[in-house]
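A.B. asks: got a predicted structure here, sequence first:
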Amino acid sequence: MPDDLKGGRIVVVGASLAGLRAAEALREEGFTGSLTVVGDEPHPPYDRPPLSKQVLLGQATADTTGLPMRRDPDAEWRLGVRATGVDLLAKQVLLEDGGSLPYDRLLITTGTRARPWPDPDEAGLDGVFTLRTREDAGGLAERLAAGPERVLVIGGGFTGSEIASACRELGLDVTVAERGPAPLVGALGGTLSKLAAVMQRNNGVDLRTGVTVTALHGNGSFTGAQLSDGSRVDADVCVVALGAVRNVEWLAESGLAAGPRGIACDAGCRAFTMYGIVTDDVFVAGDVSRFPHPLFGYQMLSLEHWGNAVEQAEVAAHNMVNPGPLQRPHLAIPTFWSTQFGLNIKSVGVPTYSDHVVIAQGSLEARRLAMVYGYQGRVTAAVTVDMAKSLDYYRHLIETAAPFPPPPGAADRAIAADVPVPSEVPDPSVLSHGPTVALTGYLPDRRLAVVPPTR
C-alpha cells in the first residue's frame, strides 16, 4: 500500500454531517497527514433533522443540535470562511478572505441550502422564513412560540409537511399551499400522497393544492399572500419550503461537472470533470453529490438523506487513502424517515423510480400499511406507514432485484397483495417541492459544444 496515500494534505470543503464523518473516517483509515475542514457557517457541524421537529416544538434549542464526534479527527477547522473556487491544476482551494489552501486530495461536502422566495423584497419581510440553518430554526421557533394567528407554509414536501405538523401540535392555525395535486406526491407518488392529504385535513390543516403563491404582502412585516386562484391567505408568519439548492456555484469555473443537480461522481465518489473524465484527487459526498446506482438503471441519483451522507462520506474517505484495487463503491440503498401528524413514514429504495405500486400489507383506510414500488417488473422501493418492522424484508427484495408484484412472505406476516396500480410519480416541474431522491439522468449537467482545433 503506497505510503503517500496515508500522508499528505487533505482538504474537506463543507463542515457538514458528511464532512465530519469523512474526517473521522480518514483518521480511522490510517490517514496521518494534514487535515483541514472548511465551512461557511460559524458553527461546528450540527444535526439538521431536529430543526423541523424538536426545535420547532420547543423540545430542544437550535444550539443543542451539534453532532457528537465519534473520535477527534485532529483537523484544523476553518469555520465562517467561504470557499470561492478550486484550481485543479494548482491543487488549491480558493477562499473568500483571499487566502488559499493547497491539497493533495480534496473532498467536497458542501450540501444544500434552502431555496429562497424568488422576490428578494418579499422574502425580506419580517415574518418570512426558510428552514435550513440553526439560525433559521431558532428564529422560526421563537416566532411560533409567540402564538401567531396563522402560519402559511409554501410547499408540501417533507419539510413543509413537518412544519405544518409542528404548527398543529402547537395549536396554531396553518395553511399549506402546494402547486401539485397533493403533499408528498413528489417523493411518494399519487397513492400515498392522497393519504398525506387526508391526514393534513383531518388534523385541521387548511390544505390548498393545485395553486401557487403569486405574491407575499406586507409593509415591513408579512401580512398575507395572494394565490393563483384569486384567493388570499391572511397570516403573520410564512415559511418558504420550496426545496433545496445544491451549493455548487463556487465551482462554476473549476472545470468539474457541477450543476444545479449536484456534482457528478462515480460510484467510488470520485468527481467527474465537465468532460466526463473521472478525477483521482477530487471526491464528493453527501447532498451535493450526484452518483450512479446499478440497482436503479445506473441513473445518477441526487439524495437528501441523513444516512446517505454518512455512508457516502465513509466510502469517500476509504477511497481517498486506499489504492484502486482496494477501493469500494457506494451502493447503499437510499432510506429516509419522517414523523408527521402522528404517523411514522419510512422508505427504502427510490419510490420515484417506479411505474406501479401495490399495497402489500395493511390498508390506506387503517393508515397502517406497506406499499411496494416496482419498475418494469422488479421491486425498486417500499414505503411503510407505522409498519417499520417490515422494511428490512423489502430492502432485501430491492437488493436481489425481486420480481414485482412481490411474492408472499414478509417476515412478520403473509402478504396479501392488492392489484398493482400506476405509481403516478409527477413531473417535478409541476410541484412546489422536490423528491428526496431525484433521478437526474446519466450525464453531467452541462451541454458542451466540442470545437476541434484548427490546423
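C.D. replies: Great, that's in hand. Numbering: from 1, shown residues only.
A.B. asks: would you check that residue 339 makes contact with residue 54?
C.D. replies: No: using CB atoms under 8 Å, residue 339 makes no contact with residue 54, being 10.5 Å away. For glycine as for every other residue, the C-beta is placed from the backbone atoms N, C-alpha and C.
A.B. asks: the more surrounded of those two?
C.D. replies: Applying other CB atoms under 10 Å to residue 339 and residue 54 shows that residue 54 carries more neighbours, namely 19 against 13.
A.B. asks: and the helices in the stretch 351-455 of the chain?
C.D. replies: All helices of the stretch 351-455 of the chain, identified by DSSP state H, counting those that start in this stretch, fall at 391-399.
A.B. asks: try the chain
C.D. replies: 17-28, 120-123, 134-145, 158-169, 185-188, 190-202, 306-320, 391-399 (DSSP state H).
A.B. asks: list the helices and strands the longest one packs on?
C.D. replies: Yep, that's helix 306-320 we're talking about. Other elements packing on helix 306-320 under the criterion 3 or more CB pairs under 8 Å, 6 or more residues apart in numbering; DSSP states H and E are helix 17-28, strand 105-108, strand 278-284, strand 335-340.
A.B. asks: what average pLDDT does it get?
C.D. replies: Averaged over helix 306-320, pLDDT sits at 97.
A.B. asks: and if you look at the second one?
C.D. replies: Within the predicted structure, the mean pLDDT of helix 120-123 is 98.
A.B. asks: how about the fifth one?
C.D. replies: When the per-residue pLDDT values of helix 185-188 are averaged, the result is 92.
A.B. asks: same deal with stretch 384-404?
C.D. replies: 93.
A.B. asks: stretch 150-160 now?
C.D. replies: Stretch 150-160 shows a mean pLDDT of 97 in the predicted model.
A.B. asks: swap in stretch 277-292?
C.D. replies: The average pLDDT for stretch 277-292 rounds to 96.
A.B. asks: CA atoms of it as PDB?
C.D. replies: C-alpha atoms of stretch 277-292 as PDB (Å, rounded to 0.1, in the frame of the first residue of the first chain):
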ATOM      1  CA  ILE A 277     -13.300  12.400 -17.100                       C
ATOM      2  CA  VAL A 278     -13.000  10.900 -13.600                       C
ATOM      3  CA  THR A 279     -10.600  12.700 -11.300                       C
ATOM      4  CA  ASP A 280      -8.200  10.900  -8.900                       C
ATOM      5  CA  ASP A 281      -7.800  13.600  -6.300                       C
ATOM      6  CA  VAL A 282     -11.300  15.200  -6.000                       C
ATOM      7  CA  PHE A 283     -14.000  13.400  -4.200                       C
ATOM      8  CA  VAL A 284     -17.700  14.200  -3.400                       C
ATOM      9  CA  ALA A 285     -20.100  13.100  -0.700                       C
ATOM     10  CA  GLY A 286     -23.500  14.000   0.800                       C
ATOM     11  CA  ASP A 287     -26.400  16.000  -0.500                       C
ATOM     12  CA  VAL A 288     -24.200  17.800  -3.100                       C
ATOM     13  CA  SER A 289     -23.200  14.600  -4.900                       C
ATOM     14  CA  ARG A 290     -24.800  13.000  -7.900                       C
ATOM     15  CA  PHE A 291     -23.800   9.400  -8.400                       C
ATOM     16  CA  PRO A 292     -24.800   6.300 -10.400                       C
END
